[in-house]
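> When you get a sec, could you give me coordinates for this:
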Amino acid sequence: GIDLSHFTPTPMPPVDEAPLFLMIARLLRDKGVVEFVDAAKQIKAIYPRARFQLLGAVDSSNRSAIDAALVRRWVEEGAVEYLGTTDDVRPAIAAACCVVLPSYREGAPRTLIEAAAMGRPVIATDVPGCRAVVDSGVSGFLCEARNADSLTRAIRLFLALPSDGRAAMGKAGRIKMEHEFDQALVVKAYRAAL
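Have a look, this model is predicted:
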């Protein structure tokens, strides 16, 4: 569960600002980082003002790690901005209009739960863990795993929404977190099971 008093809703960024898409994850191929960057390139060709940020550690010990040199190249190309790591993701989430996680497989992804709790729409892959957090078309969009074109389509659907549609998605995500992912509910369920 999540502490909903720590991850509180924040106003959506002004609609006249460049749309900012944030991915929070260890920089691993299995998290869909390559698909995120490929989709960013496709979107920026149509919406040059769109921004894409990566927040997370480069994990060189993992078999699917993306090396720092490749991340630097993506930044130099202008595809993404790399934020490194942080102890508090809330300011990065608050600055974003949408949080993206195109992972190949997940449990219940904490980054999506945190983003939804803060009232941010989310885009994620249609895999069991992500599917449990995102109500597609309501609190965000789902796309195919390992498919940058599908992710690009989902981002374009989001970009086509009017500002009140984006805000409504964020509110729907917050309500879902209150009803299903509040840590008080999770603790209560564990106690009942014990």
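> does residue 119 count as helix, strand or coil?
coil (DSSP: H, G, I helix; E, B strand; the rest coil).
> Okay, it and residue 129: tell me how far apart.
According to Cβ to Cβ, to the nearest Å, residue 119 stands 21 Å off from residue 129. Glycine gets a C-beta too; all of them are placed from N, C-alpha and C.
> These two: which is more packed in?
For residue 119 versus residue 129, the count of surrounding residues by other Cβ atoms under 10 Å is larger for residue 119: 24 against 17.
> What is the longest helix of the chain by residue count?
Criterion DSSP state H: the longest helix present in the chain is helix 163-180.
> Pull the distance from that helix to the chain's centre.
From the chain centre to the centre of helix 163-180 is a distance of 14 Å (Cα atoms, centre = their mean, to the nearest Å).
> Now do that helix, average pLDDT.
For helix 163-180, mean pLDDT is 96.
> hmm, who's touching it?
Under the criterion Cβ atoms under 8 Å, 6 or more residues apart in numbering, residues 2, 4, 9, 12, 15, 97-98, 113, 115-122, 133-135, 138-140, 158, 161, 185 lie in contact with helix 163-180.
> Just the buried ones from these, in PyMOL syntax?
The following PyMOL line selects those of those that are buried, judged by 16 or more other Cβ atoms under 10 Å:
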select buried, resi 2+4+9+12+97+98+113+115+116+117+118+119+120+121+122+133+134+135+139+140+158+161
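> Sitting in helices, which of the contacts of helix 163-180 do you find?
Reading helices off the contacts of helix 163-180 with DSSP H, I get 113, 115-117, 133, 158, 185.
> from the residues you listed, which two are the most distant?
158 and 185 (28.4 Å; Cβ to Cβ).
> Show me what counts as buried in stretch 26-38.
Judged by neighbour count (16+ other Cβ under 10 Å), stretch 26-38 contains these buried residues: 26-28, 30-38.
> now those residues in JSON lines, with pLDDT, secondary structure and distance to residue 91?
Shown next, in JSON lines, are the buried residues of stretch 26-38 (pLDDT from 0 to 100; DSSP: H, G, I helix; E, B strand; the rest coil; distance: Cβ to Cβ, whole Å):
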{"residue": "26", "pLDDT": "93", "secondary structure": "coil", "distance to residue 91": "20"}
{"residue": "27", "pLDDT": "94", "secondary structure": "coil", "distance to residue 91": "20"}
{"residue": "28", "pLDDT": "94", "secondary structure": "strand", "distance to residue 91": "24"}
{"residue": "30", "pLDDT": "94", "secondary structure": "helix", "distance to residue 91": "27"}
{"residue": "31", "pLDDT": "96", "secondary structure": "helix", "distance to residue 91": "21"}
{"residue": "32", "pLDDT": "97", "secondary structure": "coil", "distance to residue 91": "23"}
{"residue": "33", "pLDDT": "97", "secondary structure": "helix", "distance to residue 91": "21"}
{"residue": "34", "pLDDT": "97", "secondary structure": "helix", "distance to residue 91": "26"}
{"residue": "35", "pLDDT": "98", "secondary structure": "helix", "distance to residue 91": "25"}
{"residue": "36", "pLDDT": "98", "secondary structure": "helix", "distance to residue 91": "20"}
{"residue": "37", "pLDDT": "98", "secondary structure": "helix", "distance to residue 91": "23"}
{"residue": "38", "pLDDT": "98", "secondary structure": "helix", "distance to residue 91": "27"}
